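Engineer: kindly return the folded structure for what I paste below:
(2 chains)
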Amino acid sequence: MLQDILVTGLVNGGVYALLAIGFSLIFGVARIVNIAHTAFYMLAAYCFYTLLTKTGLGFLLSGVIAVAAVTLFSMLCYRLVIEPVREHESAVLISTIALALIFQEVMLYLFGGHFLGIPSTIEGGIRILGVSVPYQRVLILVVAAIMLGAVWLLLYRTRLGLAIRATANDLEVASLMGMNVNRVAMATVAISVGLAAIAGVIATPVVSVHPHLWLDPLVIMLAIVVLGGLGSLKGSLIGALVIAYVEAITVFALPAGAYLKGAVALLIMVVVLLFRPEGLFGVAFEEER
Amino acid sequence: MLRSILAAAAAATLSVGAQAQTIKIAILGPMSFVQGENHWAGAEMARDEINKGGGINVGGKRMQVELIRADTNEIQSVPDATNAVERVITRDKVDFLIGGFRSEAVLAMQEVAMDSKKIFLGVGAAHSKLGLNVEQNYERYKYWFRVAPTKDVDLARTLFAVLGSIGQQIRTDLKTDTPKVAILAEKAVWTEALVAAAQKNLPAMKMEVVGTWQPSATATDVTAELSAIDRAGAHIVFTMLSGPVGISVGRQMGERGMKAVAWGINVEGQKDEFWQATAGKAQFVSTLDTYSEVEMTPKTIPFVQAFKQRYKKAPTYTAATYDAIMLLKAVIEQEGTTNADKLVAAIEKIEHVGTGSTASWDKRHDLNWAVGKTAGIAVQWQDGKKVPFWPPQVKGMQPFKMPAR
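Structural biologist: Sure thing, here's the model as predicted:
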């Protein structure tokens, strides 16, 4: 049973981490509460599905176009919806909830409430410690690791990353220093949604595409980001693994209570916050900034 | 002036006369979802067939059928469903109500329909409470009848009958006396009695219950559950799934190459789209179902073929709106009236041969359960096709297959 928990938790943690990285970036670094983050993930999944099944472009091209299209669309949404109210966090929150619901209803209208399957990018699987793991999940784990590394490099080894961190640290000072803070914010949105879109393309082959696809991961993402510490990429990764392992342990230890796995994970988050209100890595991140 | 008043009165009379030429039937369903699509499609087929044949003979007067499409959105919102029923009763002034899917919503819709004393033929919800209401307060709830499926308790009887048959095949094929069964039921009100019954009955059926797993109905990932089931060495995964988790189970069992076979209720597995939704991974997943090209009744095969020709896919059980409308036609023509009280008395006595069942009703206005009549069929996904395999005495059934070991 131990090896089942170890492998299941690690693989599912990879899926969660991939989704959480982008959310953490926009939520923590740019201080934009983008509830529509997972809705963009859902849009990318639909876009990928349509390109793959209707045009026969193949996995790579369909994936690249889907990620690019959704990223560009998110920049348009930022300019039209988020930027005008960016100074008011509650307004941003409500606007992005509205955006997500609009996306959901539009997809429901266009595709109906059907559950659409996307074939695996790589068929087959391997056995790790006697546990069967499909290659697609291994791929997600690898992509999550690459994305995490890429985002870290971007934030800490490029001028754009410096600008993003400076803007997040003190908006007014960054502006006084001559930075175009709106452009930096838009770049952050694009990077963040780009990551969500990559998650949509790479992770949806293990689930199904449907108009409510954005809801379940949203709750888990919020839990991971808050648990890991706002804006901490390292925290997101650790938070994702903690949540995934807690879920796996719940299912194995309490089979009849498998439906409680999400609730138990959220409870762990609450317990951690009682002792560390800033999350596991919140302080470290603040100090880094 | 007098001429104008007379003209207006004549026009009004004509208008009333024109309205009275049709029997208005509201089709209630979540129209953006497969369940609602099938509600509507089955009803359309019945309407077109009846109207093409000259309509319904009501005491010597031919009346056309007019359908009112009511999107209940009940999967997402129960209030939307009751609002839809209110609207068709008060604004569209329908004569009959047919449809419903989600038990919680249908229970609420039932109240609205009974307030207006409208006959409501349920096509979709299985919860026993709907019929229990009739027994406990007949005068109020007598206008409710369940056309499809059978109530939840009877669904369980069918499930155990088929499970016994699969268990016997496993005993023979795998040379084991006690097949191991993992219960995988979504956490919902409708599964509570079924889970309890399974835990109690399976040992008596000489089957070992290796565990009970209860994911959320909307879970998109069940890898931990399946990993545990795999580890427990289950031969059968006994499913009770109505939500999208059924797709996750089908797909992820295939991805893991599990040797256990899934049998039970998997509502998503009843749809033609299931194979695509699972990306072709749902080999050997089996489920209770209603329609296939088998001779359940003399009307089944012609209906399924006509449905496929018109809609380019097979019907699901909510397409039994066809049977509900044909039932109405039968009793209206028999009684020569659309009076609700007289029709209720007629339905209580009739045995109606439909496309999915040969139906008669008990004192709760639930279907009388009988294998080969109302118990439905069992189907298994084999190489992208839904293959019917139970009840074996029905012509057209094919062998049940197990994954290679």
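Engineer: now stretch B:397-405 - C-alpha only, PDB.
Structural biologist: Provided in PDB are the C-alpha atoms of stretch B:397-405 (Å, rounded to 0.1, in the frame of the first residue of the first chain):
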ATOM      1  CA  MET B 397     -27.900 -10.900 -27.000                       C
ATOM      2  CA  GLN B 398     -24.200 -11.500 -27.400                       C
ATOM      3  CA  PRO B 399     -21.500 -13.000 -25.100                       C
ATOM      4  CA  PHE B 400     -20.100 -11.000 -22.200                       C
ATOM      5  CA  LYS B 401     -16.300 -10.700 -22.400                       C
ATOM      6  CA  MET B 402     -13.500 -10.500 -19.800                       C
ATOM      7  CA  PRO B 403     -10.200  -8.800 -20.100                       C
ATOM      8  CA  ALA B 404      -7.300 -11.200 -21.000                       C
ATOM      9  CA  ARG B 405      -5.300 -12.300 -18.000                       C
END
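Engineer: anything in that stretch near chain A?
Structural biologist: No - contact of stretch B:397-405 with chain A (CB under 8 Å from any CB of the partner chain) is absent, the minimum separation being 13.3 Å. Every C-beta, even on glycine, is put in place using the N, C-alpha and C of the backbone.
Engineer: contacts for that stretch?
Structural biologist: If you take CB atoms under 8 Å, 6 or more residues apart in numbering or on different chains as the criterion, stretch B:397-405 is touched by B:165-166, B:169-170, B:173-174, B:258-261, B:283-284, B:286, B:294, B:378, B:380, B:382, B:387-391.
Engineer: buried subset of the residues you listed?
Structural biologist: B:165-166, B:169-170, B:258-261, B:283-284, B:286, B:294, B:378, B:380, B:382, B:387-391 (16 or more other CB atoms under 10 Å in any protein chain shown).
Engineer: and for residue 275, the neighbour number?
Structural biologist: No chain in the question, so chain A it is. 6 (other CB atoms under 10 Å in any protein chain shown).
Engineer: oops, wrong one, chain B.
Structural biologist: Neighbour tally, residue B:275, other CB under 10 Å: 21.
Engineer: residues touching it, list them.
Structural biologist: By CB under 8 Å, 6+ apart, the neighbours of residue B:275 are B:282, B:381, B:384.
Engineer: show me what contacts the last one?
Structural biologist: By CB under 8 Å, 6+ apart, the contact set of residue B:384 is B:275, B:280.
Engineer: make it 10 Å
Structural biologist: B:274-276, B:280, B:282-283 (CB atoms under 10 Å, 6 or more residues apart in numbering or on different chains).
Engineer: where does residue B:342 land on pLDDT?
Structural biologist: Looking at residue B:342, its pLDDT is 97.
Engineer: and the helix or strand that contains it, what does it pack against?
Structural biologist: Under the criterion of DSSP states H and E, residue B:342 resides in helix B:340-349. Packing partners of helix B:340-349 (3 or more CB pairs under 10 Å, 6 or more residues apart in numbering or on different chains; DSSP states H and E): strand B:119-123, strand B:144-148, helix B:321-335.
Engineer: report the angle between the first one and strand B:144-148.
Structural biologist: Taking axes from the mean of the first three to the mean of the last three CA atoms, to 10 degrees, strand B:119-123 and strand B:144-148 form an angle of 30 degrees between their directions.
Engineer: ok, strand B:119-123: who's next to it in the sheet?
Structural biologist: With DSSP bridges as the test, strand B:119-123 is paired with strand B:96-99 (parallel), strand B:144-148 (parallel).
Engineer: between these, which one is closest to residue A:209.
Structural biologist: Taking CB to CB, strand B:96-99 is the member of the strands paired with strand B:119-123 nearest to residue A:209, at 26.9 Å.
Engineer: I'd like the mean pLDDT over that closest one, please.
Structural biologist: Mean predicted lDDT for strand B:96-99 stands at 98.
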